[in-house]
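Undergrad: can you look at this prediction? I've put the sequence above it.
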Amino acid sequence: MIRILTLSQPWAWVVTELDKGAENRVAWKMCRYRGNVLIHAAKNTQGRADFHEACTSILDKWEVLKRQRAEFLAPVAELDGSTWEPSRDLVRSAIVGGARIVGEILPHLSAVYTDPAPPNGDRTGQPRRPLRREESRWWWGEFALALEDRFSIDPIPHSGGLGLRRAPADLVAAVARSRHVKPLRFDRSSSLGSTCGDAWGPLRCVLEPGHPARVLHTDGRTRW
């Protein structure tokens, strides 16, 4: 069953439109779920100082020139004097895209554990891989989710919640019907650049009685 993951802005935008492959969750200890999630932009943004700091961090990581910063952040932020504030067009309380949770990044360990933690929490011998560029540049050193196959869609209004929650079948169907499923708009990562567009669009939804909704690529391969 597909889950919903709520992110505050501007981070929902960075995950679905830029190259953010690590979703930091400082309070989490583990996540046993592996699979596809719908990215939900929360109703409320961070506090004013945190929002400004997030925008500054995005611009620094992307090395955006000063004269281009306002244009680059236009979908999510605008300058109020010297402070970045949420823009009038900032999307909130909506599904804005999707991704696939492929593993966990543990505190102070620069590796992605692809298998869920066993009941005793001992990960000795579990498969892991080094962090990729789109993960390492956004990882804060604490617990994080590793995200792949990220994409954006035209927003679909939806109320949020805490944690990973099951996505209603009608919402999954609405995402599948979207005519504007888009791969990352500003992807700089070599690992995703050649595959992201093929991985997610165009999509169609299959609803079968007694079975979870499945989203298929037009070539017939199951994506969700």
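TA: Structure's in. What do you need?

Undergrad: please name the bridge partners of D80.
TA: With DSSP bridges as the criterion, D80 is bridged to T83.

Undergrad: that one: neighbour count?
TA: Here the count is done by other CB atoms under 10 Å, and D80 has 11 residues near it. Where you see a C-beta, it was placed from the backbone N, CA and C, and this is true even at glycine.

Undergrad: check R177 too.
TA: For R177, using other CB under 10 Å, the count is 13.

Undergrad: give me the distance between it and I39.
TA: With distances taken as CB to CB, to the nearest Å, R177 is found 17 Å from I39.

Undergrad: does the residue lying closest to A94 once chain neighbours are set aside lie in a helix or a strand, and which?
TA: Counting by CB to CB, 6 or more residues apart in numbering, the nearest residue to A94 once its immediate chain neighbours are dropped is P155, at 3.8 Å. In this structure, P155 is located in strand 144-157 according to DSSP states H and E.

Undergrad: and that strand, what does it pack onto?
TA: Using 3 or more CB pairs under 8 Å, 6 or more residues apart in numbering; DSSP states H and E as the contact criterion, the neighbours of strand 144-157 among helices and strands are helix 11-17, strand 22-24, strand 35-41, strand 94-105, helix 169-177, strand 182-183, helix 190-193, helix 196-200.

Undergrad: which stretches of this protein have low pLDDT?
TA: Applying pLDDT under 70 to the predicted model, the residue ranges of the chain that meet it are 179-224.

Undergrad: and if we set it to 80?
TA: Along the chain, the model assigns pLDDT under 80 to residues 160, 162, 178-224.

Undergrad: can you list the domain ranges for it.
TA: Per the record's domain assignment (automatic domain parsing), the chain is made up of the domains 3-45+90-114+127-217, 49-86.

Undergrad: please identify the most buried of the ones you listed.
TA: domain 3-45+90-114+127-217 (a mean of 18; mean count of other CB atoms under 10 Å).

Undergrad: hmm, W62 and R137 touching each other?
TA: No. Contact criterion CB atoms under 8 Å: R137 and W62 do not qualify, at 9.6 Å.

Undergrad: just put the domains of the chain in CSV and tack on distance to G121.
TA: Rendered in CSV, the data for those read as follows (distance: least, CB to CB, whole Å):
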stretch, distance to G121
domain 3-45+90-114+127-217, 8
domain 49-86, 31
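
Undergrad: looking at the ones you listed, which is closest to N120?
TA: In this view, the domains of the chain are compared for proximity to N120 by CB to CB, and domain 3-45+90-114+127-217 is the closest at 11.9 Å.

Undergrad: centre of the chain to that closest one, how far?
TA: How far domain 3-45+90-114+127-217 lies from its chain's middle: 3 Å, per CA atoms, centre = their mean, to the nearest Å.

Undergrad: rewinding a little: got a list of what the residue nearest to A94 touches?
TA: Shown here is P155, whose contacts under the criterion CB atoms under 8 Å, 6 or more residues apart in numbering are 41, 91, 94-96.

Undergrad: widest-spaced pair of these?
TA: Farthest-apart pair in these is V91 and I95; separation 9.6 Å (CB to CB).

Undergrad: list residues touching both of these two?
TA: Shared contacts of V91 and I95, defined by CB under 8 Å, 6+ apart, comprise 41, 155.

Undergrad: identify the bridge partners of the residue nearest to I101 when sequence neighbours are not counted.
TA: The shortest distance from I101 to any residue other than its chain neighbours is 5.3 Å, reached at L145 (CB to CB, 6+ apart). Listed beta-bridge partners, L145: E23, E104 (assigned using DSSP bridges).
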